[in-house]
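Colleague: the following comprises the amino acid sequence and a computationally predicted model.
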Amino acid sequence: MTALKNQFQKARAVLQSLVQGLHPETGAELPREDIVNHIEVNRAMSTAIMALDQMMARLTRRAMLPEKVGKGWTEEEEQRLKDEFNRSELVPLIATKHGRTIRAIEARLERLGLLTADQRTTNNSFVGTPARKGGDE
């Protein structure tokens, strides 16, 4: 993921130079009649910069999530979850051990009948929507 982020940063730097009317390698000012100085081309490059910024922000957020976000649950993992919950282990600790979010742990416990919706500490924003099979929540 770091390599991809580096590519995005390099592409952004090149585009930013061009938007400013500068040669990306030398920093020299580009001729006024150069295509990069046309308004529509400049707007397109600015839009591309915004898209790269959004993609880099998404990568940064994704890197902060636990490793198993969005992954299915195995029977063994569900059994470990039941055992840990029955031993009264704290949900945040269980979430850390499983590489999942607190919300995912509570959703799975609810699905397993070990927790009710009103016992959850996280908001269930998926109420009324069909559950995904084998997903994180």
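Modeller: Nice, I can see it.
Colleague: tell me which helix or strand comes right after the longest helix belonging to the chain.
Modeller: Taking DSSP state H as the criterion, the chain has its longest helix at helix 39-64. With elements assigned by DSSP states H and E, the helix or strand that comes after helix 39-64 is helix 75-86.
Colleague: name the residues of that next one that are buried.
Modeller: 77, 81, 84, 85 (16 or more other C-beta atoms under 10 Å). Placement of C-beta: from N, CA and C, glycine included.
Colleague: which outside residues touch it?
Modeller: If you take C-beta atoms under 8 Å, 6 or more residues apart in numbering as the criterion, helix 75-86 is touched by 73, 91, 94, 97, 98, 105, 108, 109, 112, 114, 115.
Colleague: quick one: which of those residues is the most crowded by neighbours?
Modeller: Using other C-beta atoms under 10 Å as the neighbour criterion, residue 105 leads the contacts of helix 75-86 with 26 neighbours.
Colleague: that'll do, ta.
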